[in-house]
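Peer 1: show me the folded form of this:
(chains A and B)
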2 protein chains.
Amino acid sequence: METAFFNGKFLPKDEIKISPDDRAFLFAEGIYEVVRWYEGFFYDMISHMTRLKRSLREVNILWNGADSFPDIARQLIGLNRLDQSQALVYLQVNRGGARRTHSFPDPPLEPTVYAFARDFVPENSGRDNGVRVMLREDIRWSRCDIKSVALLPNTMCYQEALDKGFFECAFVRNGNITECTHSNIFFVIHGVLYTYPESVYVLSGVTRKNILRIADQAGMAVKTEPVSLEMLERAQEAFTTNTSGEVTPVIALNDKVIGNGQPGPVTRILRERFNEELCSLRHS
Amino acid sequence: METAFFNGKFLPKDEIKISPDDRAFLFAEGIYEVVRWYEGFFYDMISHMTRLKRSLREVNILWNGADSFPDIARQLIGLNRLDQSQALVYLQVNRGGARRTHSFPDPPLEPTVYAFARDFVPENSGRDNGVRVMLREDIRWSRCDIKSVALLPNTMCYQEALDKGFFECAFVRNGNITECTHSNIFFVIHGVLYTYPESVYVLSGVTRKNILRIADQAGMAVKTEPVSLEMLERAQEAFTTNTSGEVTPVIALNDKVIGNGQPGPVTRILRERFNEELCSLRHS
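Peer 2: Below is the predicted model:
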């Protein structure tokens, strides 16, 4: 029996029932995070917690329990006997439930807080040889920096990519490749590592941030600048990053083969360094 | 005790509990409609039903019960003793619930269907002298034609408008005024009635459509063309339309006073004609 967390209590997931007045259900007024458990530790929990607080602030959801996220997550791992597993903890914080109206409830309600843990197979497992990514006009809103559950455009475009035989969908806005439906994207052009800058058009990914740091520490040239479709023609490498998939090599965008159609040396080095860090965290 | 509808049954609203796996809760994968009951009849139910089916199709939610919307709505009115009231019926159809993953469940699930009815005070009551509307860059996605519950940008911007003392927020995209957070917007410029054309940037409002028809029948010059911020300088009248507020005169956008700061003759005529239609529907 899966144990989840709901409004301060740990209980069987089957017993968790959301009110139809919940503003996540009616208005997508919910913020979430997904943190990864590596058989003994959470990867960069502090960054997830910082981002959670920022997202909540941006949409004016007041939750004074944000600092308890690590504790909730750790307990969910234990209660579900996932200590020795690869697992994910999902946490969602909503504005609460009230008679339906577009205006925010006044005074503010106690938020609805829901979390669960589960084991998983990393999304990119078996993808060491790289994946193909679809390119598509970005139809999402202009606050992609907020990690909200208003994910309909993301799931629509991701499903479209899957239906067409791709692994992910990368978005193009104003002629530049911003990010994917649930991952960031990097390119190597003339030896320089590029990814879209922090802005309202991309989520500040935790893996993105750590890969940028690792690249910098490895002495690589790094530019957090937009990559246009024109620049894509000169890309030698590409990869996506996210919590569930870490670093996934990309060998083609639409029909455009990247480099020689195989994962390149920069991608390989970054994956190795990332894994080395995980290894040392595991033994620290 | 309020009676609502959930997955084929009418039951006390308190007993309706949504699964935390529901994809409206996790991904905003839900479509909704709000239809108005005028003490004896629904206003243009057929248009709401047509739009519901279109929205569901656009997001690939398969619900074979869409034709039962009028019957569900009528029963909710009766069960809640709202026959002699001004009331709204809200219906929401979600993709269903499954283990969380961005891809659509395959095979498709039976959708979650939720509906409620309630009496209400029309949003524009007491607003006959007109309202002030805030102008703001449109931060929403590029599929505003789909009536989904991914409404976070709408509620954020609406609340921002309220906080600043405005009645609504009108969005500006590419220099043109598209629509508001939960209403369409019309302008009168040199005697011509303008509203943004049907497109991915606006919802095809039921009241919008009927006001366009009524204006046409009244012999007015009508253009479904964008109104730019430049054109706004020459606007003599403005009003919003939606189901809960019908036609609401707008007397200012930000600091820009429209006309002489009072509801104009075109707005007045359209409100009269709209009310005449309601009157004849009431007695038919």
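Peer 1: show me what contacts the closest residue to chain B within chain A?
Peer 2: Residue nearest to chain B within chain A (CB to the nearest CB): residue A:17, separated by 3.0 Å. Glycine gets a C-beta too; all of them are placed from N, C-alpha and C. By CB atoms under 8 Å, 6 or more residues apart in numbering or on different chains, the residues touching residue A:17 are B:17, B:18, B:19, B:20.
Peer 1: highest neighbour count among those residues?
Peer 2: Counting neighbours by other CB atoms under 10 Å in any protein chain shown, residue B:20 comes out on top of the contacts of residue A:17 with 24 neighbours.
Peer 1: for chain A, see how far away that residue is.
Peer 2: To chain A, residue B:20 is 5 Å away according to CB to the nearest CB, to the nearest Å.
Peer 1: reduced to three states, what does that residue come out as?
Peer 2: Classification of residue B:20 by DSSP: H, G, I helix; E, B strand; the rest coil places it in coil.
Peer 1: next, count neighbours for residue A:66.
Peer 2: 19.
Peer 1: over to residue A:197?
Peer 2: The number of residues near residue A:197, taken as other CB under 10 Å, comes to 13.
Peer 1: wait, it sits on residue A:227?
Peer 2: No - look at residue A:197 against residue A:227 with CB atoms under 8 Å: they stay out of range, at 10.7 Å.
Peer 1: picking up where we left off before, mind putting the contacts of residue A:17 in TSV, pLDDT included?
Peer 2: As requested, the contacts of residue A:17 are exported to TSV (pLDDT from 0 to 100):
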residue	pLDDT
B:17	94
B:18	97
B:19	97
B:20	97
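Peer 1: just give me the closest of those residues to chain A.
Peer 2: Closest to chain A, out of all of those and judged by CB to the nearest CB, is residue B:17, at 3.0 Å.
Peer 1: roughly how far does that closest one sit from residue B:175?
Peer 2: According to CB to CB, to the nearest Å, residue B:17 and residue B:175 sit 46 Å apart.
Peer 1: could you pull out the helices in chain A for me?
Peer 2: Using DSSP state H, the helices of chain A run over residues A:23-27, A:45-58, A:69-79, A:152-163, A:206-217, A:229-232, A:265-282.
Peer 1: alpha carbons only: can I get the longest one in PDB?
Peer 2: Listed in PDB are the C-alpha atoms of helix A:265-282, where the atom choice follows Å, rounded to 0.1, in the frame of the first residue of the first chain:
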ATOM      1  CA  PRO A 265      32.700  14.200 -26.500                       C
ATOM      2  CA  VAL A 266      31.400  17.200 -24.500                       C
ATOM      3  CA  THR A 267      28.200  15.400 -23.700                       C
ATOM      4  CA  ARG A 268      30.200  12.300 -22.700                       C
ATOM      5  CA  ILE A 269      32.500  14.300 -20.500                       C
ATOM      6  CA  LEU A 270      29.600  16.000 -18.800                       C
ATOM      7  CA  ARG A 271      27.700  12.800 -18.200                       C
ATOM      8  CA  GLU A 272      30.900  11.300 -16.700                       C
ATOM      9  CA  ARG A 273      31.500  14.200 -14.400                       C
ATOM     10  CA  PHE A 274      27.800  14.200 -13.300                       C
ATOM     11  CA  ASN A 275      28.100  10.500 -12.500                       C
ATOM     12  CA  GLU A 276      31.300  11.100 -10.600                       C
ATOM     13  CA  GLU A 277      29.600  13.700  -8.500                       C
ATOM     14  CA  LEU A 278      26.700  11.300  -7.800                       C
ATOM     15  CA  CYS A 279      29.300   8.600  -6.900                       C
ATOM     16  CA  SER A 280      31.000  10.900  -4.400                       C
ATOM     17  CA  LEU A 281      27.700  12.000  -2.900                       C
ATOM     18  CA  ARG A 282      26.800   8.400  -2.500                       C
END
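Peer 1: for that helix, give the mean pLDDT please.
Peer 2: Averaged over helix A:265-282, pLDDT sits at 96.
Peer 1: what is that helix packed up against?
Peer 2: In terms of contacts (3 or more CB pairs under 8 Å, 6 or more residues apart in numbering or on different chains; DSSP states H and E), helix A:265-282 is packed against strand A:30-38, helix A:206-217, strand A:235-242, strand A:246-253.
Peer 1: output the below-cut-off pLDDT ranges for the stretch 51-200 of chain A.
Peer 2: A:124 (pLDDT under 70).
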